[in-house]
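> predicted model and sequence follow; I will ask about them next.
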Amino acid sequence: MTQAHRHGPEELCEPGLELYGRALREGQVSSADADAAPCLVDFGLLHPCVTDAGRLEPVAPAVALHRLLRTSAERIAGERQREERLVETFGPLMTIDGRTAGTADLPTIEVVSGLDRINEAIAGAMADASRELLAIQPYDGRSPAERLAKSLGRDQNLLDRGGRIRTLYQHTQRYSPAVIARYEQLTGDAEARTLDQITERLIVIDRTVAFIPANTDRTLALEVRHPVLIDYFAVIFDRLWHMATPMHPEAVTRTTPAGITPRQHAIAALLVEGHTDTDIAERLGMNVRTARVHIAKLAATLGSESRAQLGYLIGRSGILDREE
C-alpha cells in the first residue's frame, strides 16, 4: 500500500470511498481508475473482472463486511491466545526465591503535566514527608512571591513534624523581599544559601522522591522515584550547598577584591568564558538590563574601552585568581 493510503478499511480515504461507490453504481471501473485508490484492491473491495482483465468489479458491501469482520475476529482470537501464552510463561517467574516480583516497589520515573498537577504531586509528597526537603530554586524572571506563598504552609508543616529544609537560591535572590519575608515567617530548622550560578529547579523530598523540570517553561515535570537518581541529585545538592554563601538563619557577607563587587566578580568570570549578556543574565538570575549595568561598571573600574579589551583586562588584573 502506498504511503498516502496507509489506513485501515474502517477509515477509507475519500478517493477510495468515491471510487467504490461509483463501482457499485456502475458495476465496473477501469484498472487505471484504481491507481488513485489502491487500498480498494488491498482490502478486497475490488477484484479483476473475469471477462475483462482491464476492468475491476466491486465486491458486495455485505460480503466485504463479513470478510473483514471475520479477519478482525481471528486477529482478536490470536491476540488472546498470545496473552494466555505470555501469562503461562511469565506467571511462574513472578515469584523468585519465595519473593513476589511485583511492580509496586519498582523504581519509577513519571511525567506530570501542568503546573496545577505538578504542585499537587509535590504537595502530596510533602504531606507524607517527615525528614528533609532539599530545594534548588533558580530565578525565572518572575516574582517568586506567589509561588513562595503557596509553598509556605506545606513547608511549615514539615518543619512542625521535626523535618529540615535546605534551599539554594541564586545570589540575587538574597535581597528579594518575597524570599526574605518567607524566612521571617518559617519557624524551625530552615536554612537558605546562595550561589552566583545554580542548576535547574530541583526538589528532593525525604531522599525518596524528586521533581525536576521536563521542558523549558516548566509545565512538564519528572517525578523520580529511582534510588540511584535520588542519591545522585542529593550528592549534587550537597556539593553546591557547601560552596554556597549562607543567607538564613545567619547571613554571611562574601569578600571580594578591592573595588570589585560580588556581582562584578561573577560577571567577570563569565565574560572571559565568552558568554553573551543574555547568557550572563540567565545564569546569574537577573534581567539583561541589570547585567549590562554591572558590565559597564566593571569596565569603568578596570578602565576598559571595549568588550574585547575588558576580557584582556580581567585576565591581567588577577581578580579571578582570588577567592571570594
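Good, I have the coordinates. Just so it is clear, the model here is predicted, and its values are computed rather than measured.
> what pLDDT does the model give the residue nearest to the spatial centre of the chain?
Among the residues of the chain, residue 214 comes closest to the average C-alpha position under Cα atoms, centre = their mean, at 0.6 Å. In the prediction, the pLDDT value recorded for residue 214 is 91.
> which stretches of this structure form strands?
For the chain, strands defined by DSSP state E occupy the ranges 29-30, 46-48, 55-58, 95-96, 99-100, 109-113, 132-137, 164-170, 189-195, 202-205, 209-213, 220-224, 245-248.
> need the CA coordinates for the third one. PDB is fine.
Spelled out, it's strand 55-58. Backbone C-alpha positions of strand 55-58 (Å, rounded to 0.1, in the frame of the first residue of the first chain) are rendered in PDB as follows:
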ATOM      1  CA  ARG A  55     -11.700  -3.800 -15.600                       C
ATOM      2  CA  LEU A  56     -12.500  -4.200 -11.900                       C
ATOM      3  CA  GLU A  57     -15.700  -5.300 -10.200                       C
ATOM      4  CA  PRO A  58     -16.900  -4.400  -6.700                       C
END
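> counting by contacts, list what that strand packs against.
helix 14-26, strand 29-30, strand 46-48 (3 or more Cβ pairs under 8 Å, 6 or more residues apart in numbering; DSSP states H and E). Just so you know, the C-beta spots here come from the backbone N, C-alpha and C atoms, and that holds for glycine as well.
> can you list the strands that it pairs with?
Each strand pairing with strand 55-58, determined using DSSP bridges, is listed with its direction: strand 29-30 (antiparallel), strand 46-48 (antiparallel).
> beta-bridge partners for the nearest residue to the residue nearest to the centre of the chain once chain neighbours are set aside, please?
Distances taken as Cβ to Cβ, 6 or more residues apart in numbering put residue 220 closest to residue 214, at 3.8 Å, once the chain neighbours are dropped. Here residue 220 shows beta-bridge partners residue 113, assigned using DSSP bridges.
> what's around residue 220, how many residues?
Residue crowding around residue 220 was assessed by other Cβ atoms under 10 Å; the count is 16.
> residue 57 now?
16.
> can you pull the contacts of it?
Applying Cβ atoms under 8 Å, 6 or more residues apart in numbering to residue 57 gives the contacts 23, 27-28, 46-49.
> so what's residue 284 scoring on pLDDT?
In this prediction, residue 284 carries a pLDDT score of 74.
> now residue 108
pLDDT recorded at residue 108 is 85.
> again, but for residue 111
Checking the pLDDT column for residue 111, the value is 89.
> ok, it touching residue 222?
Yes. The pair residue 111 and residue 222 qualifies as a contact (Cβ atoms under 8 Å) at a distance of 6.3 Å.
> tell me which of those two has more neighbours.
For the pair residue 111 and residue 222, the greater number of neighbours falls to residue 222 (14 against 10), based on other Cβ under 10 Å.
> give the contact list for that one.
Going by Cβ under 8 Å, 6+ apart, the list of residues near residue 222 reads 109-112, 211-214.
> can you find the helix or strand in the chain with the smallest mean pLDDT?
strand 99-100 (a mean of 50; mean pLDDT, DSSP states H and E).
> where are the low-confidence patches of this structure?
Across the chain, residues meeting the criterion (pLDDT under 70) sit at 1-6, 8-10, 93-107, 141-146, 252-259, 320-324.
> the domain parsing of it - what is it?
Per automatic domain parsing, the domain ranges recorded for the chain read 3-59, 64-93, 109-248, 262-321.
> if we can go back for a sec, could you dump the helices and strands packed on strand 55-58 into JSON lines with distance to residue 243 added?
Output for the helices and strands packed on strand 55-58, formatted as JSON lines (distance: least, Cβ to Cβ, whole Å):
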{"stretch": "helix 14-26", "distance to residue 243": "64"}
{"stretch": "strand 29-30", "distance to residue 243": "77"}
{"stretch": "strand 46-48", "distance to residue 243": "74"}
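> how about those, which one is nearest residue 184?
With distances scored as Cβ to Cβ, the stretch of the helices and strands packed on strand 55-58 nearest to residue 184 is helix 14-26 (67.3 Å).
> can you list contacts of the closest one?
With Cβ under 8 Å, 6+ apart as the contact definition, helix 14-26 has outside contacts at 5, 12, 29, 33-34, 36-37, 39-40, 45-46, 56-58, 61.
> closest to residue 226 among these?
Proximity of the contacts of helix 14-26 to residue 226 (Cβ to Cβ) peaks at residue 5, which lies at 43.7 Å.
> quickly name whichever of the contacts of helix 14-26 is closest to residue 197.
Each of these was checked against residue 197 using Cβ to Cβ; the closest is residue 5, at 54.4 Å.
> great, nothing more from me.
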